[in-house]
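1. My questions concern the predicted model and sequence given below.
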Amino acid sequence: MQSKGVCEIASLEYEFAMTNLIIRTLLNILFNKINIKMASPIHVTDDNFQSEVLESSTPVIVDFWATWCAPCRKIAPIMDDFANEYNGKLKVCKLDVDNNQKVAMNYGIRSIPTVMIFQNGQPVDTIVGAVPKDFLIERVSKYISSN
C-alpha cells in the first residue's frame, strides 16, 4: 500500500513538472509573438534634419549632444523616457554635434547638451545644460497642449 502512495506522489510530481514546463514554454512563445517595442529617440543628421524636425506635424524636441559629453549622457535617459511617454504627441530626436556640424552651427549650438523644442518648423524654446526631468516636462508640456 505504501509503494502505491509513493508512486502516486511521483506521478503527481511528474505531472506538475510537465505542466510547469508546458506553461513556461507557452509563455515564452507568447512573449516572443507580442514583441512589444519601446519608442526611442530618432537620431537625426544634417541630411534628414529638414524632413524629421522642420517638416514634422508634431512638436519636436532635439537633444544636441556628443558621445564624449558626460552631462549629455546624464539627460539621455530622460530623452528615452520622453520618446515613450509622449509617443505620438512629441517627436524626440538626438543630433550628434560632432558628426552633424552644419545643423549645430545653423542653430548656434555652443554648449552641450542643448535641448531645443521646435513647433511648425521653428525653434520655440532652448534649454542649455543638464537639467532635471521635471524642468524639461514643464517646458515641453506647453507645446504639447497647444498642438
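-> Cool, the structure landed.
2. Give me the below-cutoff pLDDT ranges for the chain.
-> Along the chain, the model assigns pLDDT under 70 to residues 1-6, 9-10, 17, 20-21, 24, 27-28, 31-38, 145-147.
3. Run through the strands of it in chain order.
-> For the chain, applying DSSP state E gives strands covering 42-44, 60-65, 91-96, 114-119, 122-128.
4. Need these in CSV (columns: distance to residue 72 and mean neighbour count).
-> From N, CA and C alone the C-beta is placed, and that goes for glycine too. Listed next are the strands of the chain as CSV, based on distance: least, C-beta to C-beta, whole Å; neighbours: other C-beta atoms under 10 Å:
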stretch, distance to residue 72, mean neighbour count
strand 42-44, 13, 18
strand 60-65, 4, 25
strand 91-96, 9, 23
strand 114-119, 9, 21
strand 122-128, 12, 14
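5. Find the nearest non-adjacent residue to residue 113, please.
-> Nearest residue to residue 113, sequence neighbours excluded (C-beta to C-beta, 6 or more residues apart in numbering): residue 72, at 4.5 Å.
6. Check whether that neighbour really touches residue 63, as I assumed.
-> Yes - with contact defined as C-beta atoms under 8 Å, residue 72 and residue 63 form a contacting pair (7.5 Å).
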